[in-house]
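Asks: no letters, just coordinates:
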């Protein structure tokens, strides 16, 4: 039996594929070439022509791997580039959608309570100073506004932590709302002559000073809220609320003692925060120095 002619192998290209080590029979290499040639010339699915492997992304017959020959790598098609570009656009779109969700989360119940507390500040001032600031009825309404503001201060933080509603807006607006309602009440009371100005100065000075101190040491860590600080806030709220009301007799005496306790707690907790800030800063500097020495070593 003679070797397979070039025409039986499908032309010159078939002859190249059919060429093997022996010419006197069908070798494994020539058999594989014939099988590939048969697939190349087989009718398509519709039966009216050769199968087009290029329609499904297959390489032409000459690019198929042969004995001892490494198949060339087919270049990327435009469709592949489009798919990659679509994937990139989809990824960017996902980031934009996530940012939109984060932005929408600003309008949660915790932040709405904080906004309500901010809106209550001017309302409280107007009620407090209405009719000269000494009308018991207007003072009672002012006390109601102050009480609502203090209660929302308790609930918005709890809701934000419990239901994962913490946002950047809340972190900034919540302490501002706290200081605004307390500062407005103290200044109004001092302006009306119900509370000494030095008390207002001590309380507001401590609050503003500790807030500034937190920002200064935030690079080293966060100063956690202590139980003393929470007790101070509660005592301040009760004392200021009692001063807002037009109390007389023994209740007026009682509110003086409550305010005295609030001032003592204000100073004590303020000093404790200063101590924590100093320790936190020293620890942060020591850790940075140790990390720098370790990197240099």
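Replies: Ah, there it is. Computed from a prediction, not measured in an experiment: that's the story for all the values here.

Asks: OK, contacts around residue 124?
Replies: By C-beta atoms under 8 Å, 6 or more residues apart in numbering, residue 124 lies in contact with 142, 145, 146, 149, 181, 184, 185. (C-beta placed from N, C-alpha, C; glycine too.)

Asks: residue 281 and residue 124, how far apart?
Replies: Per C-beta to C-beta, to the nearest Å, residue 281 is found 37 Å from residue 124.

Asks: what's the answer for residue 256, then?
Replies: 22 Å.

Asks: what of residue 207?
Replies: Going from residue 207 to residue 124 by C-beta to C-beta gives 17 Å.

Asks: do the same with residue 185
Replies: Distance, residue 185 to residue 124, using C-beta to C-beta: 7 Å.

Asks: between those two, which contacts overlap?
Replies: residue 146.

Asks: quick one, what contacts residue 232?
Replies: Contacts for residue 232 were tallied using C-beta under 8 Å, 6+ apart; they are 262, 265, 266, 269.

Asks: for these, which one is nearest residue 220?
Replies: Relative to residue 220, the closest of these is residue 269; by C-beta to C-beta it sits at 20.1 Å.

Asks: hmm, residue 170 is touching residue 109, no?
Replies: No. The criterion here is C-beta atoms under 8 Å, and residue 170 misses it with residue 109 at 10.8 Å.

Asks: compare those two (neighbour count), which wins?
Replies: residue 170 (22 against 13; other C-beta atoms under 10 Å).

Asks: list the helices and strands the helix or strand hosting residue 152 packs on?
Replies: For residue 152, the host element (DSSP states H and E) is helix 136-162. Contacts defined by 3 or more C-beta pairs under 8 Å, 6 or more residues apart in numbering; DSSP states H and E place helix 136-162 against helix 109-129, helix 168-191, helix 227-244.

Asks: would you turn these into TSV with distance to residue 218 and mean pLDDT?
Replies: Below are the helices and strands packed on helix 136-162 laid out as TSV (distance: least, C-beta to C-beta, whole Å; pLDDT from 0 to 100):
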stretch	distance to residue 218	mean pLDDT
helix 109-129	21	93
helix 168-191	11	90
helix 227-244	17	92
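
Asks: closest one to residue 198 among those helices?
Replies: Nearest to residue 198, of all the helices and strands packed on helix 136-162, is helix 168-191, at 9.1 Å by C-beta to C-beta.

Asks: now that closest one and helix 227-244, what's the angle there?
Replies: Using axes from the mean of the first three to the mean of the last three C-alpha atoms, to 10 degrees, one finds that helix 168-191 and helix 227-244 are set 40 degrees apart in direction.

Asks: what residues does helix 168-191 touch?
Replies: Residues contacting helix 168-191 (C-beta under 8 Å, 6+ apart): 106, 110-111, 114-115, 117-118, 120-121, 124-125, 128-129, 133, 146, 149-150, 153, 156-157, 160, 195-197, 199-200, 203-204, 207-208, 211, 233, 236-237, 240, 243-244.

Asks: the helix holding residue 152 - what's its average pLDDT?
Replies: The average pLDDT within helix 136-162 is 90.

Asks: for stretch 165-181, buried residues please.
Replies: Using 16 or more other C-beta atoms under 10 Å as the burial criterion, the residues of stretch 165-181 that qualify are 165, 166, 167, 169, 170, 173, 174, 177, 178, 180, 181.

Asks: and the second one, that's in a strand?
Replies: No. According to DSSP: H, G, I helix; E, B strand; the rest coil, the state of residue 166 is coil, so it is not within a strand.

Asks: who are the contact partners of the residue nearest to it when sequence neighbours are not counted?
Replies: Counting by C-beta to C-beta, 6 or more residues apart in numbering, residue 166 lies nearest to residue 160, which is 4.9 Å off, once chain neighbours are set aside. Going by C-beta under 8 Å, 6+ apart, residue 160 touches 108, 110, 111, 166, 167, 170.

Asks: again, 10 Å this time
Replies: By C-beta atoms under 10 Å, 6 or more residues apart in numbering, the contact set of residue 160 is 108, 109, 110, 111, 113, 114, 166, 167, 170, 171, 174.
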